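Chemist: no FASTA, just this:
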C-alpha cells in the first residue's frame with residue numbers, strides 16, 4: 001500500500017518540548033517570567049540575552065532530557081490512528097546541529113509513536129529556515145502542521161495545506177492558516 005504523507009513540525013506539535021525544557025532550565029537556575037508566557041522566544045520567557053538563549057537551547061537539545069520528551073496533547077492516540085490508516089510523517093524541525101541531536105530525537109519519536117510512523121526526520125539548525133525542506137514538497141498539497149505562525153505561513157508559499165497548532169505563543173496570529181487545537185481536529189480534517 002502506498003502511504004499518505006503528512007509534513008509536521010515536532011516541538012509543540014507532536015512532542016511537548018516546553019514542559020521538559022522548563023524542568024531542565026529550572027535545574028540550571030533560570031526562572032520563567034509568567035508575564036512573557038505568550039512569547040515564542042526563550043530569551044523573553046526566561047529573561048536571558050539572545051546569544052545565551054540559543055546556547056542554552058542547543059545544550060538542552062543534546063542533553064539526555066531531550067530524548068524523553070512527552071507527547072503533545074492527544075498526539076499519541078491520533079497519530080497512531082492515522083498511521084494505522086496508512087499515513088506516514090515527515091518531521092521537519094529546527095533542533096540544532098549537534099551530532100547527538102538527531103539520534104536523541106529519533107529515539108524519542110520511535111519510543112513514543114512506534115518505529116514505522118516517522119518516514120523521515122529532518123533536523124535543521126536552530127532558528128533555521130524550514131523552507132529548505134518544504135520546497136521539496138512544493139505544490140504537493142500535503143498537510144503541513146506547525147505551531148510557529150511564520151513557518152505555518154510558509155506552507156501557503158510552497159503550495160501545501162498548513163494547519164497551525166494552537167499554543168500560547170501564537171494566540172495573536174490572525175493570518176490565513178487554519179488553527180487546530182489538537183490531533184483529534186487534525187484527524188477529522190484529513191478524514192473529511
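Modeler: On my side now, so go ahead. None of the values given here were measured: they were computed from a predicted structure. Residues are numbered from 1 along each chain as shown.

Chemist: after the longest helix along the chain, next one along is what?
Modeler: Using DSSP state H, we find that the single longest helix of the chain is helix 101-113. Going down the chain from helix 101-113, the next helix or strand is strand 118-123, by DSSP states H and E.

Chemist: can you give the domain ranges for the protein?
Modeler: 4-17+71-190, 19-67 (automatic domain parsing).

Chemist: output these as a markdown table; include the columns mean neighbour count.
Modeler: Every C-beta, even on glycine, is put in place using the N, C-alpha and C of the backbone. Below are the domains of the chain laid out as a markdown table (neighbours: other CB atoms under 10 Å):
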| stretch | mean neighbour count |
| --- | --- |
| domain 4-17+71-190 | 18 |
| domain 19-67 | 15 |
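
Chemist: tell me, which of those domains is the model least confident about?
Modeler: Per-stretch mean pLDDT for the domains of the chain is lowest at domain 19-67 (a mean of 94).

Chemist: pull up the distance across it, start to finish.
Modeler: End-to-end distance for domain 19-67, by CA to CA, to the nearest Å: 13 Å.

Chemist: same check on stretch 113-131?
Modeler: By CA to CA, the extent of stretch 113-131 from end to end equals 26 Å.
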